[in-house]
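>>> below is the sequence, then the predicted model.
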Amino acid sequence: MSSDGLLSFPFEEVEEEEEIKNCPEDVKFRNPMFDFDFHKSSNVFAVSSVSGAIQLWNYSVEQTFCVTALKEHTDSCRTITFADTKLYTGSKDKSINILDLETEEVVVRYRDAHEHGISKLIAYKENLFVSGDDEGYIKLWDIRTDDKEKHAFEHEHFDYISDFALTKYRLFATR
């Protein structure tokens, strides 16, 4: 740590002209993307767009291609996250969808999951997830039970939830 309290990292400088090798090609999208996530055990990533579309991509050094494109939201799809064989998506239209990756079908749909647009999701195991919305509300969900929404928390500040992080015993949220 420097004397001014800032951390400094000894990154090696890379020349601008140097070519990056063994890297998949850049992917270009027609619509602006809102969020993306990489699957933890396969060469697949998902992106969500302002149009509400969701795309699944297979990537490798040799070839990167779109596996499927789906439109499951009526407004922008703002957040997307993998959990094993499921893909969780959240939208400005206040809905949350859970897709089965093998069938590419929505297996659970919460049409009015929040009173405000969904801004962030994070999956915790395959059946538990947390959602946050534009006004700072946070909800914990368990898709195995009839009473799906388990806990709702009102954030102290009236602002959107921008990100989550989970540890074994804690949930961290940023606004």
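Perfect, I can see it now. Numbers count the residues shown, from 1 in each chain.

>>> C-alpha from now on. contacts and neighbour counts both.
Fine.

>>> so how far is residue 128 from residue 140?
Going from residue 140 to residue 128 by Cα to Cα, to the nearest Å gives 7 Å.

>>> those two: which is more packed in?
For residue 140 versus residue 128, neighbours defined as other Cα atoms under 10 Å are more numerous around residue 140 (19 against 16).

>>> look at that one and tell me its secondary structure.
On the three-state scheme (DSSP: H, G, I helix; E, B strand; the rest coil), residue 140 is labelled strand.

>>> next, the buried residues of stretch 30-46.
When burial is assessed from 16 or more other Cα atoms under 10 Å, stretch 30-46 yields the following buried residues: 33, 34, 35, 36, 37, 38, 39, 44, 45, 46.

>>> give me the distance from it to the chain's centre.
Here stretch 30-46 shows a centroid-to-chain-centroid distance of 8 Å under the convention Cα atoms, centre = their mean, to the nearest Å.

>>> stretch 126-146 too?
Using Cα atoms, centre = their mean, the distance from the centre of stretch 126-146 to the centre of the chain it belongs to is 13 Å.

>>> now do stretch 83-95
Here stretch 83-95 is found 8 Å from its chain centre; the criterion is Cα atoms, centre = their mean.

>>> can you give me the buried ones in that stretch?
Neighbour counts using 16+ other Cα under 10 Å place 83, 84, 86, 87, 88, 89, 90, 91, 92, 93, 94, 95 of stretch 83-95 among the buried residues.

>>> so where's this protein shaky on pLDDT?
Counting by pLDDT under 70, the chain shows low-confidence ranges at 1-20, 146-157.

>>> which residues in it form strands?
In chain order, the chain shows strands spanning 33-38, 44-49, 53-58, 65-71, 77-83, 86-91, 96-100, 105-110, 118-124, 128-133, 137-142, 149-154, 163-166, 171-174, with DSSP state E as the criterion.

>>> out of these, flag the one nearest residue 25.
For those, distance to residue 25 was read as Cα to Cα. The smallest value, 10.0 Å, belongs to strand 65-71.

>>> so residue 161 sits against residue 139, correct?
No: with the criterion set as Cα atoms under 8 Å, residue 161 and residue 139 do not qualify as a contacting pair; they are 11.3 Å apart.

>>> which residues does residue 33 contact?
Listed by Cα atoms under 8 Å, 6 or more residues apart in numbering, the contact partners of residue 33 are 47, 48, 49, 50.

>>> now the last one. Nearest residue, chain neighbours left out?
Taking Cα to Cα, 6 or more residues apart in numbering, and ignoring the residues beside it in sequence, residue 50 has residue 76 as its nearest neighbour in space, at 4.1 Å.

>>> where does the one you found fall, phi/psi-wise?
Geometry field for residue 76 lists phi and psi as phi -60, psi 140, criterion degrees, to the nearest 10.
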